Structure formats: structure tokens, C-alpha cells
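Novice: Got a predicted structure here, sequence first:
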Amino acid sequence: MNELDTLIESARTAFAAAAQPADLENAKAQFLGKAGRVTELMRGMAALPVEEKKSRGAAINLAKQAIETALVERRQALADAELAVQLQAEALDVTLPGRRREPGGLHPVSRTLERIEAIFSSMGFDVADGPEIESDWYSFTSLNNPPNHPARSMQDTFYVDLRGEDGIPYNLRPHTSPMQVRYAHQHIKRHAAAFEAAAADPTGNVKAPEIRVIAPGRTYRVDSDATHSPMFHQCEGLWLGENVSFKDLKVVFTDFCRTFFESDDLVLRFRPSFFPFTEPSAEIDIQFQSGPLAGRWLEVAGSGQVHPNVVRHMGLDPERYIGFAFGMGPDRLTMLRYGVNDLRLFFDGDLRFLSQFQ
Ligand code: PHE
């Protein structure tokens, strides 16, 4: 073996001994670096006669190329090994079972709200939405609620740190009734021409479109036990026209209850009550004639004929426009429909409870 072959061989050995890329670069420097063995050989050529230079140079070049090839191969081998280790460490077992995403579902109270909306829509009611942070005027004053009425007391209404133009703090609406006046305003604005025409007609034959709406949503009171939660739901109903009476309330609400509970075996009772915004007022109780709740009177809504002062606040003439309103508790309806006895279960977010309704 000549001197150059030996050199190539020792380079291969040195490269093979390098276990890390950094070791390999050190080994490279020994052979191909500025002070490396190949460079030394090149320098040594300076002393040779011209005729030998050519063949000697070609031989050194071949040796240099062989060493470079060995270096590239070793680099690749080290990179391959490193990748193999990494792949091994990050290996995915594609045969493991996946993490299943359970199908979601509607909350039982949402189901009730959808049901209420579907039933009243089929009876020609509009469905309206309104703010949960409400002004004192809409929550109380517009509803004929005098300033010293207990419903305004700090005990059951939440107030927020923001005052209206009247200097009175906004509240978290304690009921959906503010939607009566809010919606009436929207309705009258939307049908302004019809209401103006009706008002201008001395014969009374020109009629504006009736107000017929439900307004479901969240409501808030400082209250918490098995049947009360600080956040709960209500659904307001309002039907106002020129000839809408208590009889219509009875028909509509009876129809609603029978459809909602899918039972004709159910009777209603209108029990005299008091609300500032209705006169006369009635609590609506239902009684199932069969099933687990049979025979008990269950309160499901407050109701009454809209008070003339409220009609006035809507911007309408109470001599001409008359009708009824009701406010029911969808949470209560959900408890009755599914036989749940603690309201708080609905708002705990426990999937073991909620998944039973899917
Ligand atoms: N807002 C009343 C309540 O929260 C319910 C109600 C609504 C009563 C409409 C009469 C008419 O108790």
C-alpha cells in the first residue's frame, strides 16, 4: 500500500471512530483542514521538479477526493442515525384507540325554550330577544311599578355599577316583563305608518297590526334554594290589539300547556293575584289528571290584562288597545316535564345529569 492509500485508510478509520457530528468535524480538520495532512502534502509539492509535480498533484487530488467522499458518507450516516433515534423516541402507536369526542346535546332548559318558541310561533307569535342589563325605567317604571314597590328593593334585584340618564343604576332584569314595552316600541316604530293611519281614522275601521310576541331569556334575582337560582329563565308573552281579552289568554295558555306537555289530560286554574303591570292579574296553575304529579296544583305563570298605564308607556291609547301578558318559568316547566326536583341541577354543569336528556 502506498503512502496515499494509507492516508485515505487512516482518514476512513478516524471518521468511523467519530460518534458525534462534532467529533467528525475535528477529524476532518486533521486531514482536510489548513494544517491537515492533505494540505501538508500539497505544500510538499513545491520542492518537486516540474515533471513530477503533475503526476504527484493528480494523485494527491484523487486521495483528497476519496477522503472527502468518506467524510460525506460518514456525515450522512451520523445524520441518519440521529433521525432514527428521534423517530424512535417520538414514535406514534397508530393502533392505540383514539380519544373519542362524545356527541354534545342541547341543555334541557334550551330544549324547553325551543319547544316554547315552536308552539307560540305556530300560534302566530313573534319571538323577541332583549337586554339582560336593563334600565330602571324598563324594568320597573314603565311597568307601573311605583318607586317604593318591594320588587325594587336591593334584596332581590341585582344592580350594576352603571347609571342611566335618570341617575338610577341599571339592573340585571329581574323578569322579562321589560320586553313588553321594549317590544311594543319596536313594533310601533316598524309599523309607524299603520299606527298613524289607525290613529287618524275617526271611524276606527283602520287597524294597525296587533302585537303578539313572546320574549324568552335569562333573568336574575338575589335568591337561591332548591327551586330558585340567582339566574333563571322566564318567557314573557304579550298579545295586544283592539279586541283581545282574558278569554284569549285562557285559550292560548291552555293550548300551549296541552301542547307542551303533550297531554289533554291537564286542567288550568287562574288564581287571582297582583302585579303592578296587569289588572286584573292571575297566577296560572296547572293540574295533571294522571301520572306522577296528578292532583297537585302547580304554579307555572303570572298573567293578567295589561294595565292602562303600561299601554300608555308603550305609546298607545289604553281606550283603544287592550290585551294580556304572561310570564312563565321555563325552568319550572322543564322540571315538571322531566320530573326533576332540584332546579340547581340544571346549572351545575354535571354531565352525568345533563347527558340523561340527550
Ligand atoms: N313578571 C312577572 C314575574 O316575574 C310575571 C308576569 C308577567 C305577570 C306578565 C303578569 C304579566 O313574576
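Specialist: Cool, the structure landed.
Novice: Per-residue pLDDT of Val146, please?
Specialist: In this structure residue 146 is Pro, not Val. The score at Pro146 is 79. That number is its pLDDT.
Novice: Please verify my assumption that it contacts Asn309.
Specialist: No: assessed by Cβ atoms under 8 Å, Pro146 is found out of contact with Asn309, at 10.4 Å. All C-beta atoms are positioned from the backbone trio N, CA, C, and that covers glycine.
Novice: Run the chain-centre distance for the host helix or strand of Val38.
Specialist: Assigned by DSSP states H and E, Val38 falls within helix 37-44. Here helix 37-44 is found 75 Å from its chain centre; the criterion is Cα atoms, centre = their mean, to the nearest Å.
Novice: With stretch 232-246 instead?
Specialist: 29 Å.
Novice: Equivalent analysis for stretch 130-148, please.
Specialist: For stretch 130-148 - counting by Cα atoms, centre = their mean - the centre lies 28 Å from the chain centre.
Novice: Between its first and last residues, how far does that stretch reach?
Specialist: Between the opening and closing residues of stretch 130-148 there is a gap of 25 Å (Cα to Cα, to the nearest Å).
Novice: List the buried residues of that stretch.
Specialist: By neighbour count on 16 or more other Cβ atoms under 10 Å, the buried set for stretch 130-148 is 130, 134-145.
Novice: end-to-end on stretch 82-99?
Specialist: 31 Å.
Novice: begin at 50 from here
Specialist: Fine by me, first position is 50 from now on; the one you just mentioned is stretch 131-148.
Novice: what's next to it, contact-wise?
Specialist: Outside stretch 131-148, the residues within contact range by Cβ atoms under 8 Å, 6 or more residues apart in numbering are Pro70.
Novice: Distance from the chain centre to that stretch, please.
Specialist: Taking Cα atoms, centre = their mean, one finds stretch 131-148 lying 36 Å from the centre of the chain it belongs to.
Novice: Same check on stretch 153-161?
Specialist: Centre to centre, stretch against its chain (Cα atoms, centre = their mean), the figure for stretch 153-161 is 13 Å.
Novice: which parts of it are buried?
Specialist: Within stretch 153-161, the residues scored as buried using 16+ other Cβ under 10 Å are 157-158, 160-161.
Novice: Return the helix holding Val87 as CSV; C-alpha atoms alone will do.
Specialist: In CSV, the C-alpha atoms belonging to helix 86-93 read as follows (Å, rounded to 0.1, in the frame of the first residue of the first chain):
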residue,chain,number,x,y,z
ARG,A,86,-2.3,16.1,6.3
VAL,A,87,-3.6,16.6,2.7
THR,A,88,-2.7,20.3,2.8
GLU,A,89,0.7,19.3,4.1
LEU,A,90,1.2,17.0,1.1
MET,A,91,0.2,19.8,-1.3
ARG,A,92,2.7,22.1,0.2
GLY,A,93,5.4,19.5,0.0
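Novice: Give me the mean pLDDT for that helix.
Specialist: Here the average pLDDT along helix 86-93 is 89.
Novice: okay, the angle between the helix or strand following it and helix 86-93?
Specialist: Next in sequence after helix 86-93, counting helices and strands by DSSP H and E, comes helix 99-138. Angle, helix 99-138 to helix 86-93, by axes from the mean of the first three to the mean of the last three Cα atoms, to 10 degrees: 170 degrees.
Novice: Name the residues that touch the helix or strand that comes right after helix 99-138?
Specialist: Downstream of helix 99-138, the first helix or strand assigned by DSSP H and E is helix 157-171. With Cβ under 8 Å, 6+ apart as the contact definition, helix 157-171 has outside contacts at 155, 176, 263, 265, 282, 284, 286, 305, 308-309, 377, 379-380, 382-383, 386-387, 389, 395, 403, 406.
Novice: Just the ones in strands from the residues you listed, please.
Specialist: In strands, defined here by DSSP state E, the members of the contacts of helix 157-171 are 176, 263, 265, 282, 284, 286, 377.
Novice: For the ligand, what's its nearest residue on the stretch 50-199 of the chain.
Specialist: Leu192 (8.0 Å; Cβ to the nearest ligand atom).
Novice: contacting residues around that residue?
Specialist: So Leu192 contacts 226-227, 229-230, 325-326, 359, 362 (Cβ under 8 Å, 6+ apart).
Novice: what packs against the helix or strand bottoming out on mean pLDDT in the chain?
Specialist: Every helix and strand of the chain was ranked by mean pLDDT, DSSP states H and E. The lowest is helix 86-93, at a mean of 89. Here helix 86-93 touches helix 52-66, helix 70-81, helix 99-138, going by 3 or more Cβ pairs under 8 Å, 6 or more residues apart in numbering; DSSP states H and E.
Novice: related to what we said a few turns ago, just the ones of the buried residues of stretch 179-197 in helices?
Specialist: 185-188 (DSSP state H).
Novice: Now do the residue of the stretch 200-349 of the chain found nearest the ligand against Asp205, distance only.
Specialist: Proximity of the stretch 200-349 of the chain to the ligand (Cβ to the nearest ligand atom) peaks at His224, 3.4 Å away. Using Cβ to Cβ, to the nearest Å, one obtains 11 Å as the distance from His224 to Asp205.
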